[in-house]
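In: Sharing a model prediction with you, sequence too.
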Amino acid sequence: MNKEYGKSAETLAKTYGWSTGEEYYDYIVESLINGQRRQVRNLFKEMNSECKREFLNNYLENDNLHHIETKEVIIAGLYK
């Protein structure tokens, strides 16, 4: 049996008082902008696989420097 780990971005957003998963995604990027690389990795790890894929493949844009750097921090954290 394959058990899903983590929570949806929408559920995590509600813990911060937000209403959408996109607001949680925004918070991850804002954490990077504020120099909180470890927080970026930790926030990413809290999400379930579906939301992780959505965040990396659809939310983060390849023409946005902060988005590119966020993706790089997350990927680097996967290999630690």
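Out: Ah, there it is. Numbering: from 1, shown residues only.
In: Show me where the protein dips below the pLDDT cut-off.
Out: Scanning the chain for pLDDT under 70 picks out the ranges 1-4, 80.
In: For Gln39, list the residues it contacts.
Out: Gln39 sits next to Ser31 when contact means C-beta atoms under 8 Å, 6 or more residues apart in numbering. Using the backbone N, CA and C atoms, a C-beta is placed for each residue, glycine as well.
In: give me the element it is part of.
Out: Counting by DSSP states H and E, the element that carries Gln39 is helix 37-45.
In: neighbouring contacts of the helix or strand just after that helix?
Out: The C-terminal neighbour of helix 37-45 among helices and strands, as given by DSSP H and E, is helix 49-54. Taking contacts as C-beta under 8 Å, 6+ apart, the residues outside helix 49-54 that touch it are Glu4, Tyr5, Gly6, Ser8, Ala9, Gly21, Phe44.
In: Show me which residues of helix 49-54 are buried.
Out: Within helix 49-54, the residues scored as buried using 16 or more other C-beta atoms under 10 Å are Cys51, Lys52, Glu54.
In: What about the contacts of helix 49-54, which are in helices?
Out: Among these, the members falling in helices (DSSP state H) are Ala9, Gly21, Phe44.
In: sorry, back to before: list the buried residues for the helix holding Gln39?
Out: Along helix 37-45, the positions that meet the burial threshold by neighbour count (16+ other C-beta under 10 Å) are Arg37, Gln39, Val40, Arg41, Leu43, Phe44.
In: Alright, that wraps it up for me.
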